[in-house]
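S.K.: What shape does this take:
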Amino acid sequence: MLSSCDDYQATKNCKSEERKTPKQQRTATEGACNIAGDIARAVAVLTAREERTIESDEPGVYPLNGKKGRVLIINNSFYDENRDENPHSRKPACDKDVENMVNLSMFLGCDLYGDKAHLDKSAEEMRTFLKGISRISKNHCSFVVIIIMTHGNLLKDESEKQEIEVLYGNNGETDYIKRKEIDNMFQNDVAVSLQGIPKFFIYQCCRGKIHMEAIDSQIETDDIETDGITVPIFSDIVTINSTLPGHIAYKDGDGSLLITSINTIFRKHGRKKHVLDLLTMVNSEMLKNLRSYRQSHQSLETILIKPMSVLESCLVKHFYLTE
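M.R.: Now for the predicted structure:
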């Protein structure tokens, strides 16, 4: 019962109802229904807020404070319209990826860095954009998202005597930026103005040459405390990679598998769940993909692949994209 009237008040109201005309009674009934509807809607809103608060008691929530997120989108297509052949072209999949990420950013109420997606950029231009967004003040945004869609690989670095991950600029094999270089730009002692707010990275690129082949399954069917003075070198960062280190990333005519999965999950659940839950759901969505893949343009031989995205996080609170 929505009414809080006691028996006396209810009896009094019933007697007065008997004296009303049918038209007055209908008006009163409609008014009561409207009030009941308003109360039900208010209860639903309060319940939703309470559920989020309860879920978010541990380990806390990154505050949005009415500010929007800022999204940097970089996409390299490696397509040259003046060439007869473009064996390294990422089109048309990458065009769909850009469309999905731009529309998703708008759907979630975020602002695009530079008011657009940045297409076919050299490594040096990529550095400029990355340094730019790393210097944004957290007074102007509640979180930043960096989406890089390009070719990538593992290269031997003679100076470091080890293999390093690189992301290619649009100008070819010698035009690249080291993944480590990007990581360093967002250290707490470098990106000082972004300390304490989430930095969300989405990498759609290969990380080597190894295929993610499918195998047969054998499975049967407190609040964070700190000293208040220091911060770690890396914190408040979450990254989703399109593939494991050393492995290939995949796409089809509808877009890259990771970007398509992110678009699907974030559109369904992005306004109510926090990012780590969303990305776990993205991993689950990726699990649905079993594809045949031709190993080279020259060969007709195919293998079965089972792609999987890789999540890395040093978030210290729940990270919501909307209030």
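
S.K.: From Gly255, how far out is Val71?
M.R.: 17 Å (Cβ to Cβ, to the nearest Å). For glycine as for every other residue, the C-beta is placed from the backbone atoms N, C-alpha and C.

S.K.: and Lys180, how many residues sit next to it?
M.R.: Other residues within reach of Lys180, judged by other Cβ atoms under 10 Å, total 13.

S.K.: show me where pLDDT drops low in the stretch 1-150 of the chain?
M.R.: 1-59 (pLDDT under 70).

S.K.: which residue ranges form the helices in the stretch 151-300 of the chain?
M.R.: For the stretch 151-300 of the chain, the helices defined by DSSP state H, counting those that start in this stretch cover 179-185, 257-269, 275-286.

S.K.: Rebuild those as a markdown table, extending it with distance to Gly114.
M.R.: Shown next, in a markdown table, are the helices of the stretch 151-300 of the chain (distance: least, Cβ to Cβ, whole Å):
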| stretch | distance to Gly114 |
| --- | --- |
| helix 179-185 | 17 |
| helix 257-269 | 20 |
| helix 275-286 | 23 |
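
S.K.: and of the ones you listed, who's closest to Thr150?
M.R.: For Thr150, the closest of the helices of the stretch 151-300 of the chain is helix 179-185, at 11.4 Å, according to Cβ to Cβ.

S.K.: Show me which parts of that closest one are buried, residue by residue.
M.R.: Counting neighbours by 16 or more other Cβ atoms under 10 Å, one finds that the buried residues in helix 179-185 are Arg179, Glu181, Ile182, Asp183, Met185.

S.K.: Now do that helix: which elements does it pack against?
M.R.: The contact analysis (3 or more Cβ pairs under 8 Å, 6 or more residues apart in numbering; DSSP states H and E) places helix 179-185 against helix 123-134, strand 162-168.

S.K.: follow-up on the earlier one: so which of the buried residues of helix 179-185 comes closest to Asp277?
M.R.: Using Cβ to Cβ, Asp183 comes nearest to Asp277 of these, at 24.2 Å.

S.K.: Show me the one of the helices of the stretch 151-300 of the chain that comes nearest Val144.
M.R.: Of the helices of the stretch 151-300 of the chain, the one closest to Val144 (Cβ to Cβ) turns out to be helix 179-185, at 11.5 Å.

S.K.: so how far is that closest one off the chain centroid?
M.R.: Helix 179-185 sits 20 Å away from the centroid of its parent chain (Cα atoms, centre = their mean, to the nearest Å).

S.K.: average pLDDT for it?
M.R.: Across helix 179-185, the average pLDDT comes to 96.

S.K.: Let me have the helices and strands packed on helix 179-185 in a markdown table, adding mean neighbour count and distance to Asn283 as columns.
M.R.: Output for these, formatted as a markdown table (neighbours: other Cβ atoms under 10 Å; distance: least, Cβ to Cβ, whole Å):
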| stretch | mean neighbour count | distance to Asn283 |
| --- | --- | --- |
| helix 123-134 | 17 | 26 |
| strand 162-168 | 19 | 20 |
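
S.K.: Now tabulate those in CSV and tack on distance to Ile147.
M.R.: CSV is the format used below for the helices and strands packed on helix 179-185 (distance: least, Cβ to Cβ, whole Å):
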stretch, distance to Ile147
helix 123-134, 11
strand 162-168, 12
